[in-house]
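In: Return a 3D structure for these sequence lines:
(one chain, ligands or ions: 1)
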Amino acid sequence: MQVPSHVEYERATSVEHALALLSRPETRVLAGGHSLIPMMKLRLAQPEVLVDINGLAELAYIRLAGDQLCIGALARHADLLDSALAGELFPIFHDAERVVADPIVRLWGTVGGSLCQADPSEDLSAVFAAARATAVIRSQDGDRTIPVRAFHLGPYETAVGRGELLAEIRVPVRPGTGSAYEKVARRVGDWSVAAAGAVLRLDHDTIAEAGIGLTAVGAEHFVAAEAEEFLRGRPVGQDSFAAAAAIAAEHCHPVADQRGPQDYKRHLVAELTARALRRAAARAGASQAGAGGRA
Ligand SMILES: Cc1cc2nc3c(=O)[nH]c(=O)nc-3n(C[C@H](O)[C@H](O)[C@H](O)COP(=O)(O)OP(=O)(O)OC[C@H]3O[C@@H](n4cnc5c(N)ncnc54)[C@H](O)[C@@H]3O)c2cc1C
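Out: Model prediction:
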């Protein structure tokens, strides 16, 4: 089936207008459409009304507000890749966006759409989880916030309910933080076979806090929680990172598919987690980031 079923189309002229439209049953937000339209063509999604939010410039921004980097849900992948502010504070965004799809998808696909699609292979879900970001969900009743780590309820399922819209993602900015993302795909522009992101906050050469996000390997909420816990309070260095990477590989749940068998994906998780940790530590200014750390 290559043709969507009948659908009504509404172009929202303001966030308030979008929220009013979304309060009706069987409505769906249309952002970049890169995931939703193919799903409609396959009839895996059959909304009765599409609410197009592409005109809402008020949701398309990347800015610093106090100690938080705030990213509007309608910021495009390309905007995040182009943002010097985002890249300076969190190089992990540029690492990831360079390998999300291709330039055409990045020009139109949105940060909010990526999170709301909740595809287990979505790169930004792991990135925002590693960064311990907060999602701002808006409705006619106002805003509510939820950690990105609690945002995804399962594959293709999020905490955004009827009449609601993901409006913004907030990333806490802390001194002494470094970050990195490492992905293996079968070819340029493809989805991950596996990927790992790390956000490290250091106190001199001790790890004060670690965030580790995993993509496409069945990690609960995209997070390697056991490995993060292991790293807290440990010295920066190859031994800590190798042990944490092994823990991350042990606790994820990859499935065998056309992208590879389980043991290969676990091997990738261990290798990519260690690489991401080394680069994150080097970027945070650690003197002992470990062999192979490159900024
Ligand atoms: C060829 C191709 C390759 C790709 N490769 C990759 C890849 O390597 N890595 C990767 O991470 N992604 C990849 N993607 C996905 C890409 O990142 C999409 O942009 C993303 O999945 C969806 O963003 P969108 O803005 O197009 O959302 P849409 O398709 O418009 O929407 C997706 C879903 O989110 C909902 N939604 C959108 N915005 C909001 C909002 N603000 N509030 C509430 N609900 C909302 C929609 O209703 C829909 O259910 C690829 C896509 C394509 C087509």
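In: now the strands for this protein?
Out: Assigned by DSSP state E, the strands in the chain fall at 8-11, 27-30, 49-52, 62-65, 68-72, 134-139, 142-147, 152-154, 157-158, 165-172, 177-185, 192-203, 206-215.
In: Quickly run through the sheet partners of the longest one, with directions.
Out: The strands beside strand 192-203 in its sheet (DSSP bridges) come out as strand 177-185 (antiparallel), strand 206-215 (antiparallel).
In: Which residues in the longest one does the neighbour count mark as buried?
Out: If I follow you right, that is strand 206-215. Residues of strand 206-215 classed as buried: 207, 208, 209, 210, 211, 212, 213, 214, 215 (neighbour count, 16 or more other CB atoms under 10 Å). For every residue, glycine as well, the C-beta is placed using N, CA and C.
In: now it: mean pLDDT?
Out: For strand 206-215, mean pLDDT is 98.
In: likewise stretch 253-262?
Out: 97.
In: How far away from the center of its chain is it?
Out: Offset of stretch 253-262 from its chain centre (CA atoms, centre = their mean, to the nearest Å): 21 Å.
In: what does it rub up against?
Out: 186, 191, 193, 194, 216, 217, 218, 219, 265, 266, 268, 269 (CB atoms under 8 Å, 6 or more residues apart in numbering).
In: returning to what we had before: most tightly packed of the strands of the chain?
Out: strand 192-203 (a mean of 27; mean count of other CB atoms under 10 Å).
In: rewinding a little: can the strands paired with strand 192-203 go into TSV with extra columns for distance to the ligand?
Out: As requested, the strands paired with strand 192-203 are exported to TSV (distance: least, CB to the nearest ligand atom, whole Å):
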stretch	distance to the ligand
strand 177-185	7
strand 206-215	8
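In: Throw these into JSON lines and include distance to residue 6, thanks.
Out: As requested, these are exported to JSON lines (distance: least, CB to CB, whole Å):
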{"stretch": "strand 177-185", "distance to residue 6": "36"}
{"stretch": "strand 206-215", "distance to residue 6": "35"}
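In: ok, residue 244 touching residue 273?
Out: Yes: using CB atoms under 8 Å, residue 244 is in contact with residue 273, at 6.8 Å.
In: So which of the two has more stuff around it?
Out: Between residue 244 and residue 273, residue 273 has the larger neighbour count (other CB atoms under 10 Å), namely 30 against 26.
In: Give me the distance between that one and residue 247.
Out: For residue 273, the distance to residue 247 (CB to CB, to the nearest Å) stands at 9 Å.
In: what residues are shared contacts of these two?
Out: Shared contacts of residue 273 and residue 247, defined by CB under 8 Å, 6+ apart, comprise 224, 227.
In: Need the overlap of contacts for residue 244 and residue 273.
Out: 212, 224, 227.
In: Residue 269 versus the second one, what's the distance?
Out: Spelled out, it's residue 224. In this view, residue 224 and residue 269 are 8 Å apart by CB to CB.
In: With the first one instead?
Out: According to CB to CB, residue 212 and residue 269 sit 10 Å apart.
In: Now do the shared contacts for these two.
Out: With CB under 8 Å, 6+ apart, residue 212 and residue 269 have common neighbours 196, 224, 248.
In: chain center to stretch 101-118, what's the gap?
Out: Worked out by CA atoms, centre = their mean, stretch 101-118 lies 10 Å from the chain centre.
In: in it, what counts as buried?
Out: Buried residues in stretch 101-118 (16+ other CB under 10 Å): 101, 105-106, 109-118.
In: related to what we said a few turns ago, which one of the shared contacts of residue 212 and residue 269 is nearest the ligand?
Out: Top of the list for closeness to the ligand, among those and by CB to the nearest ligand atom, is residue 196 at 13.9 Å.
In: my read: that closest one touches residue 210, true?
Out: No: using CB under 8 Å, residue 196 is not in contact with residue 210, being 12.0 Å away.
In: just to revisit the earlier point, reformat the contacts of stretch 253-262 into CSV and put distance to residue 96 next to each item.
Out: Below are the contacts of stretch 253-262 laid out as CSV (distance: CB to CB, whole Å):
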residue, distance to residue 96
186, 17
191, 13
193, 15
194, 14
216, 13
217, 15
218, 19
219, 16
265, 18
266, 21
268, 16
269, 16
